[in-house]
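Novice: with the input below, show me the fold.
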Amino acid sequence: MRRILLIGLAIGALVPIIALADIPVAAERYQRDLTRIAQAEWGLDAPIAMFAGQIHQESRWKFDARSPVGAQGLGQVMPSTAAWLAATFPKVLGKNEPYNPTWSMQALVSYDRWLASRITAVDSCEQAAMILSSYNGGLGWLIRDRKLASAKGADKLTWFGSVERFNAGRSAAAFKENRAYPRLILSKWEPIYIRAGWGKGSCS
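Specialist: The predicted structure follows:
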């Protein structure tokens, strides 16, 4: 019994180490700024671990990341989206600088907040999934998917097991990527950042 207890304690002690091993070293230099930005935009209960998981999924915290299709910076925004964000949030973003880490984090957090104000769901976790789906594929697609879900008798206020099952016209590849995006962030990356002490998330 004592041996089992000791093994359990040893495994428990390894959990934070495993979590830290999954987080890129580059993330540490941005933790304080992300926390400040998130709390200024969302309040003291901001889901910082979700934002961290989102950046992790997008760029692995590489500020100079550029995707094959042209997405830029920590938040991997397309040039047209970056221009729209700069115009929509001029007070907090100023000029368009997607490769500036602070700008990119602010853009991601502000965009998520903008999406949240337009998405109603049964709880914060389901809303977060819809926010992330919209960040990845556009709010218009979420609106169409929810409309289709409702028409088929599903709950349009619930993402997991409901809206996520319906495709209002995306290509198979885009649909697959979009459905994986919220799940990866909320079920894989968010818990890791919570365990590493980055603050609360939306689902964990």
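Novice: the spatially most central residue of the chain is in what secondary structure piece?
Specialist: Centroid-nearest residue in the chain: Gln54, 3.2 Å away (criterion: Cα atoms, centre = their mean). Here Gln54 sits within helix 48-59, counting by DSSP states H and E.
Novice: I'd like to know which elements that helix is packed against.
Specialist: Applying 3 or more Cβ pairs under 8 Å, 6 or more residues apart in numbering; DSSP states H and E, one finds that helix 48-59 makes contact with helix 25-28, helix 31-42, helix 101-116, helix 124-137, helix 190-195. For the C-beta atoms, the positions are set from N, CA and C on the backbone; glycine is no exception.
Novice: to Thr158, which of those helices lies closest?
Specialist: helix 124-137 (5.3 Å; Cβ to Cβ).
Novice: same for whatever helix or strand comes next after the closest one, what does it pack against?
Specialist: Going down the chain from helix 124-137, the next helix or strand is helix 139-151, by DSSP H and E. In terms of contacts (3+ Cβ pairs under 8 Å, 6+ apart), helix 139-151 is packed against helix 124-137.
Novice: switch to 10 Å and redo it
Specialist: helix 101-116, helix 124-137, helix 172-183 (3 or more Cβ pairs under 10 Å, 6 or more residues apart in numbering; DSSP states H and E).
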